[in-house]
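S.K.: With the input below, show me the fold.
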Amino acid sequence: MGLLSAGILIGAGGTVAMDLWALALNRAIGQPLPNWGNVGRWTGHLPRGVIFHDDIGVVEPVEAEIAIGWALHYAVGIAYGVIFVLLAGMDWVAAPTFLPVWIFAIVTIGAGWFLLHPGMGLGWALAKTANPWKGRVMGLLAHTMFGLGMYLTALAI
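M.R.: Residues are numbered from 1 along each chain as shown. Predicted coordinates for the structure are as follows:
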């Protein structure tokens, strides 16, 4: 298996793990599921030249925004898998270890904290939300699950 194929599988596996974590939290403690429709709405406005919104919830909806949000979620996860595998190399794919992929997964939260969240009007690292630290911790846990999913997928392949 080549690096590109491995990266695609590893990124998809990590994204599935993140989604299963969100579903488990929803079922166990009622934690709301991620709103990929808002992400799709944000994405749909990017070609119009608008990156930052005051409140994505009041921005004009875009057609198929939920599907766009889910597609972006998986595309980004897969891209992260490919980037990680290109950085780590075939030696890591052949004998994966958790620490490097976990560190990488934690670093990737920066895209959400410093681009996606402010773009949707939530502030830098969720600063404009009612409980920013809860959101930050939940994000770090979700990205830990992403890293764990990447690691487990690498072990499987």
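S.K.: Burial check on L23, number of neighbours?
M.R.: 12 (other CB atoms under 10 Å). Every residue, glycine included, has its C-beta placed from N, CA and C.
S.K.: Would you mark the buried spots in the helix or strand hosting it?
M.R.: Taking DSSP states H and E as the definition, L23 sits inside helix 3-29. Neighbour-count burial for helix 3-29, with 16 or more other CB atoms under 10 Å as criterion, is recorded at 6-19, 21-22, 25.
S.K.: With stretch 37-52 instead?
M.R.: Buried residues in stretch 37-52, counting neighbours by 16+ other CB under 10 Å, are found at 37-45.
S.K.: now swap in stretch 136-149 and tell me
M.R.: For stretch 136-149, using 16+ other CB under 10 Å, the buried residues are 136, 138-139, 142-149.
S.K.: would you list those residues in JSON lines and tack on distance to G121?
M.R.: Output for those, formatted as JSON lines (distance: CB to CB, whole Å):
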{"residue": "R136", "distance to G121": "17"}
{"residue": "M138", "distance to G121": "19"}
{"residue": "G139", "distance to G121": "17"}
{"residue": "A142", "distance to G121": "20"}
{"residue": "H143", "distance to G121": "22"}
{"residue": "T144", "distance to G121": "26"}
{"residue": "M145", "distance to G121": "26"}
{"residue": "F146", "distance to G121": "24"}
{"residue": "G147", "distance to G121": "28"}
{"residue": "L148", "distance to G121": "31"}
{"residue": "G149", "distance to G121": "29"}
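S.K.: Show me what secondary structure element comes after the helix holding L23.
M.R.: In N-to-C order, the element after helix 3-29 by DSSP H and E is helix 36-45.
S.K.: Switch the buried residues of stretch 136-149 over to TSV; also include pLDDT, distance to W124 and secondary structure.
M.R.: Output for the buried residues of stretch 136-149, formatted as TSV (pLDDT from 0 to 100; distance: CB to CB, whole Å; DSSP: H, G, I helix; E, B strand; the rest coil):
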residue	pLDDT	distance to W124	secondary structure
R136	97	11	helix
M138	97	17	helix
G139	97	13	helix
A142	98	18	helix
H143	98	17	helix
T144	98	21	helix
M145	98	23	helix
F146	98	21	helix
G147	98	23	helix
L148	98	27	helix
G149	98	27	helix
